[in-house]
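Visitor: show me the folded form of this:
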Amino acid sequence: MSSSKPCPAASSSGDLPVYALYEVLLRIPAKDLCRLRAVCPSWRALTSDPFFIAAHMCRHHTAPPLLAIAYRDDGEVNGVAISDLLGNVVKRFPNNGYEIVLVNESGDAVHRLTSKGDIIRVKGMNKWRCQIQSCAIGQVSSTREYKALRVSRIGDRQACEIITVDDMNNGSWRRKQDPPSRICSGRKMRWVVVHGMV
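Guide: Here you go, the predicted structure:
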């Protein structure tokens, strides 16, 4: 039996003892478990219990999120690299001319893969009608969180935004103070200086 105790409200579950039901439900993936919450009030109480939720998350810990990063090397080869948060490249997809990426005037991104015919629209991607100039990702040593920074050009000024990358996939870009002077960006930029540190 698991170290966590099931809540007392889940005691009327029919022929199956509460501890057995608890162990069975712990093994079910979260997506399917959400459907089973509607079976009866006692199952809903059990699956809503904070101890059950914590035990379920421990058993079904998902892999860390992956990042899709556009790249261009010195040989002018470009594409998309799929990377984990440690910077290890899992897979590279060189641009072979079959991917088409369009951004229309309203700022919605449309990405079409001609091999499958898929069309993906991302609403509100470009709410300020800006051009993204630079992106970087790093880990905050004190919190161990991964954060991404993007610098965009809006007219004649630059804007900085940050997003925290986590397993919950609920982050959103947060506007930060604009840089006091223009940040140089480009394909040849390989380093940056912040507060005198390279």
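
Visitor: make it CA atoms for all contacts and neighbour counts henceforth
Guide: Noted.

Visitor: surely Lys176 touches Gln158?
Guide: No - if you go by CA atoms under 8 Å, Lys176 and Gln158 don't touch, sitting 10.9 Å apart.

Visitor: the two: which is more packed in?
Guide: Gln158 (20 against 11; other CA atoms under 10 Å).

Visitor: what helix or strand does the residue nearest to the more buried one when sequence neighbours are not counted sit in?
Guide: Excluding the flanking residues, the one nearest Gln158 by CA to CA, 6 or more residues apart in numbering is Ser152, at 5.5 Å. Assigned by DSSP states H and E, Ser152 belongs to strand 146-154.

Visitor: what helices or strands is that strand leaning on?
Guide: Under the contact definition 3 or more CA pairs under 8 Å, 6 or more residues apart in numbering; DSSP states H and E, strand 146-154 sits against strand 131-139, strand 157-165.

Visitor: okay, now Pro17: neighbour count?
Guide: 12.

Visitor: assess the claim that Phe52 and Arg44 are in contact.
Guide: No - when contacts are counted by CA under 8 Å, Phe52 is not listed as touching Arg44 (11.1 Å).

Visitor: the more surrounded of the two?
Guide: Phe52 (22 against 18).

Visitor: hang on, that one in a helix?
Guide: Yes - membership of Phe52 in a helix is supported by DSSP: H, G, I helix; E, B strand; the rest coil.

Visitor: setting the sequence-adjacent residues aside, check what's closest to Leu149.
Guide: Ile162 (4.7 Å).

Visitor: ok, now which ones touch that neighbour?
Guide: Lys147, Ala148, Leu149, Arg150, Trp173, Arg174, Arg175, Lys176 (CA atoms under 8 Å, 6 or more residues apart in numbering).
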